[in-house]
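Enquirer: Test case, fold it:
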Amino acid sequence: MSKAYERLEQQVGEEKAELMIHYMDEILRMNEHINLTAVRDPEEFIVKHLLDSLGCVGSPEWEKADTIADVGTGAGFPGVPLAVMAPEKKIFLIDSLQKRLRVIDDITRSLDIQNTTTFHLRAEEAGQSKEHRERYDLCVSRAVASMNVLVEWCLPLVKVGGTFVAYKGEKAEEEIKEAEKAIRLLGGKIDRIETVNLEDESAENHALVYIKKVKKTPAKFPRKSGTARKEPL
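Expert: Numbering: from 1, shown residues only. Here you go, the predicted model:
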């Protein structure tokens, strides 16, 4: 039994750990046909994808959330591990690449993970649709984008009183300073930053940035697809 697996099992219990490992195995199998992840070593995968995804579990925001959106889910992270942790919560996986979502659907169906729903949408489209706008208790994202871009994608999806949790790297505080104006403009307020020590040489420490939604997002946000990256707030 690997050191990383032991940590995972200790954190989530044997049954949930095994389910997550089955998911990992299927992602790595499909990764030979479609580009899902650059991480191909199982030990590294457990640390960088499974353990890292669980950072917000146990927080007050996680405990009270019934509906959770994962924006830019990619190969299903953090959304699928979060779904395994709490079968009673509804996890909505949003991504702009249909082929990734088909893989996630096939694997979750085969593993009988019943509380995930995928949506083939850009974040900007989701934020302007009645089905998704200000409908979620919690929004999470590990998407590779600067904070002022991420908040424009994610805060419009969060209910007033809900929270957006950004999974960021070691430079989170610098990014937050650059995004303060955008966060206020979009109806958010920085609550706290938590450091996540993955206890592994292959992974840098991460930070979870908790942003509360304190007022409604103005109707003009998010702007049309691509604008947030080209002209960040």
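Enquirer: following the helix or strand that contains Phe119, which helix or strand comes up?
Expert: Element membership of Phe119 [criterion: DSSP states H and E] is strand 116-120. As assigned by DSSP H and E, the chain's next helix or strand after strand 116-120 is helix 123-127.
Enquirer: what's that next one packed up against?
Expert: Packing partners of helix 123-127 (3 or more Cβ pairs under 8 Å, 6 or more residues apart in numbering; DSSP states H and E): strand 67-71, helix 147-154. In this view, the C-beta of every residue, glycine as well, is placed from N, C-alpha and C.
Enquirer: need the next SSE after that helix, C-terminal direction.
Expert: With elements assigned by DSSP H and E, the helix or strand that comes after helix 123-127 is strand 136-141.
Enquirer: ok, and what's touching that next one?
Expert: Strand 136-141 is contacted from outside by 56, 61-62, 64-72, 78-79, 82, 92, 150, 153-155, 157-159, 162-167, using Cβ atoms under 8 Å, 6 or more residues apart in numbering.
Enquirer: hmm, try it at 6 Å
Expert: Residues from elsewhere that reach strand 136-141 (Cβ atoms under 6 Å, 6 or more residues apart in numbering): 61, 65-72, 78, 150, 154, 157-158, 162-166.
Enquirer: Same check on stretch 19-33?
Expert: So stretch 19-33 is contacted by Leu36, Thr37, Phe45, Leu50, Ala75, Val80, Pro81, Val84, Val103, Ile107, Leu111 (Cβ under 6 Å, 6+ apart).
Enquirer: And the residues you listed, which of them are buried?
Expert: Leu36, Thr37, Phe45, Leu50, Ala75, Val80, Pro81, Val84, Val103, Ile107 (16 or more other Cβ atoms under 10 Å).
Enquirer: from those, which is closest to Lys189?
Expert: Lys189 has its nearest neighbour among the buried ones among the contacts of stretch 19-33 in Pro81, at 27.5 Å by Cβ to Cβ.
Enquirer: ok, and the closest non-adjacent residue to the closest one?
Expert: Ser53 (4.0 Å; Cβ to Cβ, 6 or more residues apart in numbering).
Enquirer: What's the local residue count around Cys110?
Expert: Actually, residue 110 is Ser rather than Cys. 11 (other Cβ atoms under 10 Å).
Enquirer: Identify the residue nearest the geometric centre of this structure.
Expert: The centroid of the chain falls nearest to Ser141 when counting by Cα atoms, centre = their mean (3.1 Å).
Enquirer: what's the spacing between that residue and Trp153?
Expert: 7 Å (Cβ to Cβ, to the nearest Å).
Enquirer: likewise Val140?
Expert: 12 Å.
Enquirer: Who has more neighbours out of the two?
Expert: Regarding Val140 and Trp153, a neighbour count based on other Cβ under 10 Å identifies Val140 as having more, with 30 against 26.
Enquirer: Please name the nearest non-neighbouring residue to that one.
Expert: With sequence-adjacent residues excluded and distances taken as Cβ to Cβ, 6+ apart, Val140 is closest to Val165, at 4.9 Å.
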